[in-house]
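J.: kindly return the folded structure for what I paste below:
(2 chains)
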Protein chains: 2
Amino acid sequence: MSTDYHPMWQELGLDLDAHDALLGVLGPLYEKTFLTQPNRPQGMDYFNFVMSEVHGLRVKELLDHKEKGGFVTGTFCTFVPEELVLAAGGICVGLCAGAEWSTPEVDALLPRTTCALIKGAFGFASARVCPYLAASDLVVGENTCDGKKKAWESFHRFVKELHVMDMPQVKNSTGHALLREQYGILLKKLEDVGGRKVTPEALEGAISTVNAKRRALARLTVLRQANPAPISGLDALLVQQVSFYDDPVRFTASVEALCDELEERVRQGKGVHEGRRPRLLMSGCPMAVPNWKLPHIVEQAGAIIVGEESCIGTRGLRNEVRQGSGGLDAQLEALTERYFAIDCAIFSPNPERQEHVVDMSATQQADGVIHFSLPFCTPYQSEALRMEPALEAGGLPVLRIDTDYSPEDAGQLSTRVEAFLERLEA
Amino acid sequence: MSTDYHPMWQELGLDLDAHDALLGVLGPLYEKTFLTQPNRPQGMDYFNFVMSEVHGLRVKELLDHKEKGGFVTGTFCTFVPEELVLAAGGICVGLCAGAEWSTPEVDALLPRTTCALIKGAFGFASARVCPYLAASDLVVGENTCDGKKKAWESFHRFVKELHVMDMPQVKNSTGHALLREQYGILLKKLEDVGGRKVTPEALEGAISTVNAKRRALARLTVLRQANPAPISGLDALLVQQVSFYDDPVRFTASVEALCDELEERVRQGKGVHEGRRPRLLMSGCPMAVPNWKLPHIVEQAGAIIVGEESCIGTRGLRNEVRQGSGGLDAQLEALTERYFAIDCAIFSPNPERQEHVVDMSATQQADGVIHFSLPFCTPYQSEALRMEPALEAGGLPVLRIDTDYSPEDAGQLSTRVEAFLERLEA
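T.: Okay, here's the model as predicted:
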């Protein structure tokens, strides 16, 4: 970062020493994980820059937006429609949850057997090292899993305002109606926070903006179908992770530019790596920044990841919102249709997800699937146990990995991944 | 058991050797835990008998009922209204889930970090040692916690028919409507299984039967307010546990007879124990038969348990269903009102529960609270973490214990309980 952002961070109430320590770890981790990769597309320069300024320039943009009468909404889940936030004059950002940060306060609030993502979110909040949370006028939580649902009850202390969305558990008309109702309530809340009514025109514009973002990311996924793949899994994951932080219009343009470059690589039959590599689909729990541990291990072992079936990947990004639907009611209905189709493991039953993994493995030409669960994530761990034998029976090899953010098990994971790759190549 | 029930168990498809082994453990455990207690009320003879015949005579009664055209419904949760089952001509029984029983099949179906109750239910089913499950024409599951919600997806294999009720997560009008809808759907399912329409008269009769049962159990709770308490916590817990298995009319009469005897004790100022003992409220997760570990340890250490704030205790049993409400729709609404008031930790937020624990501690004259969670039970563990400091701040000592069905930690638990009792007596 070229600018000294310490005054800004101080203004935000961050713990400057702890935050410096965090950046002191993040920077080298990013360099080691990303910058050492061979043959990266030039289009990744933008994302390198975004990451280098992730707690700096982007946060300043949020504050500038607030200065001009806008507001910031922090979220932890792809069920929170960015469209509504944008339409109300807000910026929607994902909150820090991808690294370990334990405090005694958090230990007293969360069961020991809470997943790393929730613990991370609480840890960053309690340690005052997440500028996005500090900049958020409103945090939107949701009753997805038990862990989050019960955690919101004590998350109030860390935020200016917390709004918890209830969530359906079953995909039927009642569940659909519940989500529709919740989006209506969220819209009102956002209007309150933003201090203005959302017009159908504003919402249509926001839907168009976010659809364009999803379309760009879908294009990236399609380009990864090429064999050899034109971009590493780590870089593609990073692009998707950045989609939760960056300005959506600028982000979309940057993804499209990257895709133009990748398209040229594909046309020339050039892969990011020389020679043939095992192609893997990564499926399971979301990987929030800077949780790059498993993809890094997988690609270091000589494979390439060609798709992410997760909230950070296709689960959160596929399917566009139907446009031109008319007034606010119809738009809310169109939003509900799009989001209710998400095949999150909180739904029961959730057969679409397994079908999607099979389909996506075929489309992306994957040789196998790595299923990633955070320990204590009952919904994804439960699905993984059934998905593994089902996919294997269909001839698709699966490696089921449960791991958190700790580097402790890196060696063991490498060994398991290498054995899996040997199996694929046998 | 005076009769040889092996032919019946064989007919039910139980694994006879495994089932014999189970009974070979249960009998002595019951003797050690219950029959060695001093000064037990005579009215407990009935419950001793019920327990001695729990896999024998009672199961035969279920089969006789089926023979006569009735049916059996198995459940795991106090949100399943026994009233509806009875009105449809069924018998409602709680299914085995209170002991460890692991099989390789279960290990392949459930995440390792699943609570002991769900693991136990699967283990008993997989090992074919639960005659109640084998006798059940219909099992009703419910989307309460993540663990159960996702477990139903693979429980089909163990049952004739599985019906999963969706559950609300928030106490508002939408949540109320969801539960009301689900009870309507359950009623139809029960009519299908029972082969007859439920009349308002039949439902009114069933409501009256179950209200009488709850009233008898409420009377038992009130009698335990007396100081000295006229009955041990273990015996009172057993009575409440038996309420999930026994014929409701006969059960109610037996509880009332027990209460007549206890009333006489109270009138005479006689306690079940000589001298003053620390009085404790047990709060938290349900304790299914034969999960008597913690209450046994607590009472062996010299305390007496004077109330259970759990699904087996007041959470499941307090509040009657409004009677005389008219036709089926109004009756379903009355049922919904009663059940929606249950302060289960799956709701968020759920402040009523903490208030109830405080109130109940006062009414039952408890000196302290033992909060019991099954490991990996996120909802109750989360509430416990907040309840402990809140109650302590109000001057009510709390001991928070997480334990499963394994006897391994008995020594450690004894030490912790004894230290807590010393603190209470200091």
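J.: quick one: the residue nearest the centre of chain A from chain B, how far?
T.: Taking CA atoms, centre = their mean, the centroid of chain A lies closest to A:I312, which sits 3.0 Å from it. Going from A:I312 to chain B by CB to the nearest CB, to the nearest Å gives 21 Å. C-beta: built from backbone N, CA, C; applies to glycine.
J.: then A:G205?
T.: 30 Å.
J.: re the thing from before, I figured the residue nearest to the centre of chain A hits A:S283, correct?
T.: No: using CB atoms under 8 Å, A:I312 is not in contact with A:S283; the gap is 11.5 Å.
J.: between these two, what contacts are shared?
T.: Counting by CB atoms under 8 Å, 6 or more residues apart in numbering or on different chains, A:I312 and A:S283 have no shared contacts at all.
J.: and the stretch 151-300 of chain A, which residues reach chain B?
T.: A:151-154, A:164, A:166-167, A:169-170, A:172, A:174-175, A:178, A:181 (CB under 8 Å from any CB of the partner chain).
J.: circling back: who are the contact partners of the residue nearest to the centre of chain A?
T.: Residues counted as contacts of A:I312 (CB under 8 Å, 6+ apart) are A:237, A:240-241, A:244, A:286-288.
J.: which one of these sits closest to chain B?
T.: A:P286 (16.1 Å; CB to the nearest CB).
J.: ok, and the closest non-adjacent residue to the closest one?
T.: A:C311 (3.9 Å; CB to CB, 6 or more residues apart in numbering or on different chains).
J.: that neighbour in helix, strand or coil?
T.: coil (DSSP: H, G, I helix; E, B strand; the rest coil).
J.: quick one, which of the residues of the stretch 151-300 of chain A next to chain B are buried?
T.: For these, a neighbour count by 16 or more other CB atoms under 10 Å in any protein chain shown gives the buried set as A:151-154, A:164, A:166-167, A:169-170, A:174-175, A:178, A:181.
J.: where's the residue nearest to the centre of chain A relative to B:T113, distance?
T.: 23 Å (CB to CB, to the nearest Å).
J.: so where's chain A shaky on pLDDT?
T.: A:1 (pLDDT under 70).
J.: moving C-terminal of whichever strand or helix holds A:D17, what's the next helix or strand?
T.: Using DSSP states H and E, A:D17 maps to helix A:16-30. Next along the chain after helix A:16-30, taking DSSP H and E as the criterion, comes helix A:44-52.
J.: now do the strands in chain A.
T.: In chain A, the strands defined using DSSP state E lie at A:71-75, A:90-94, A:138-142, A:162-165, A:279-284, A:304-309, A:368-373, A:398-402.
J.: so which of those strands is nearest A:P228?
T.: Closest to A:P228 of those, according to CB to CB: strand A:304-309, at 8.0 Å.
J.: mind giving me the packing neighbours of the closest one?
T.: Here strand A:304-309 touches helix A:233-242, strand A:279-284, helix A:293-300, helix A:314-317, helix A:351-363, going by 3 or more CB pairs under 8 Å, 6 or more residues apart in numbering or on different chains; DSSP states H and E.
J.: how about these, which one is nearest A:V222?
T.: helix A:351-363 (8.4 Å).
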